[in-house]
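Peer 1: Make a model of this:
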Amino acid sequence: AKRTPISRNSSMKFAVSFDVTPTFELPDYSHLPVARDAVEVNDSAINEVVRNLLREHISYQTVERPAEKGDLLKVSYTAEVEGLAEIPASAKYLLEAKSTWMPLSEPELIPGAAQALMGAVVGSIYHVETTFPAEFFEATLAGKKASYKISVEEIQSAHIPEFNDEMAKQVTGGQSDAATTLKNIRTYLESQENQKADL
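Peer 2: Alright, predicted model coming up:
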């Protein structure tokens, strides 16, 4: 930038220009109608809330059949991990356990074990090859391959109770029956969707 010397006793002029917000009057718009489509919550969203409520009331009973998705298996297992000479204490339960419970559902403690044990029968031993994800929560196992030997000792089937008046009273602390609970769930979900639409 070019500089012009200024002496103490000389006069000086300069001009400045800048943008300003224009002023104008708004007409009254408070009477204008605002149309918005009514928010509708589908039944699958309501059923998902009900399923989450019922999960706290699931019971299990021993069954004499091959394992299915959602079952709870009592298993013992050992594992060898490629490139891991010493097992750190924080990872030991992931590689060796006796008579522990393993659900055949997500999330899996041992990656791939739930799929590998579908159809498993009591008294059998299964060999499962897996690779832990690069982002696995136990850093010492992240990205490593492991060979598991899993012995199935018991199979229990999950029983999800029916959502009736009695169960509704349990999940609401005795406040409402099944029909009222479903209505309240719908109202709650609709209010959540309306809040999102207002943002």
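Peer 1: The strand ranked longest in the chain pairs with which strands?
Peer 2: Longest strand in the chain, counting residues (DSSP state E): strand 145-159. Strand 145-159 pairs in its sheet with strand 59-62 (antiparallel), strand 72-81 (antiparallel), strand 125-131 (antiparallel), by DSSP bridges.
Peer 1: Just put these in a markdown table and tack on mean neighbour count and mean pLDDT.
Peer 2: (Each C-beta comes from the backbone N, C-alpha and C, glycine too.) Supplementary listing: the strands paired with strand 145-159 in a markdown table, determined by neighbours: other Cβ atoms under 10 Å; pLDDT from 0 to 100:
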| stretch | mean neighbour count | mean pLDDT |
| --- | --- | --- |
| strand 59-62 | 11 | 93 |
| strand 72-81 | 18 | 96 |
| strand 125-131 | 14 | 96 |
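Peer 1: Relative to Val41, which of those is closest?
Peer 2: Nearest of the strands paired with strand 145-159 to Val41, taken as Cβ to Cβ: strand 59-62 at 29.5 Å.
Peer 1: Which residues does that closest one contact?
Peer 2: Leu72, Glu154, Ile155, Gln156, Ser157, Ala158, His159, Pro161 (Cβ atoms under 8 Å, 6 or more residues apart in numbering).
Peer 1: Just the buried residues of the residues you listed.
Peer 2: Leu72, Ile155, Gln156, Ala158 (16 or more other Cβ atoms under 10 Å).
Peer 1: Now do the longest helix seen in the chain: everything it contacts.
Peer 2: Ranked by residue count and defined by DSSP state H, the top helix of the chain is helix 178-198. Residues lying outside helix 178-198 but in contact with it, judged by Cβ under 8 Å, 6+ apart, are 36, 39-41, 45-46, 49-50, 163-165, 167-168, 171-172, 176.
Peer 1: got the CA positions of stretch 50-69 in CSV?
Peer 2: Taking C-alpha atoms only, stretch 50-69 is exported to CSV below (Å, rounded to 0.1, in the frame of the first residue of the first chain):
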residue,chain,number,x,y,z
VAL,A,50,-42.5,-51.8,23.3
ARG,A,51,-39.7,-54.4,22.5
ASN,A,52,-37.2,-52.3,24.4
LEU,A,53,-39.5,-52.1,27.4
LEU,A,54,-40.1,-55.9,27.3
ARG,A,55,-36.3,-56.7,27.0
GLU,A,56,-36.0,-56.0,30.8
HIS,A,57,-38.6,-58.8,31.4
ILE,A,58,-37.1,-61.5,29.2
SER,A,59,-36.8,-64.9,30.9
TYR,A,60,-34.7,-67.9,29.8
GLN,A,61,-35.3,-71.6,30.1
THR,A,62,-33.2,-74.6,29.2
VAL,A,63,-34.1,-76.3,25.9
GLU,A,64,-33.0,-79.6,24.3
ARG,A,65,-32.6,-78.4,20.7
PRO,A,66,-29.9,-76.9,18.5
ALA,A,67,-29.0,-73.3,19.2
GLU,A,68,-31.0,-70.5,17.5
LYS,A,69,-30.6,-66.7,17.2
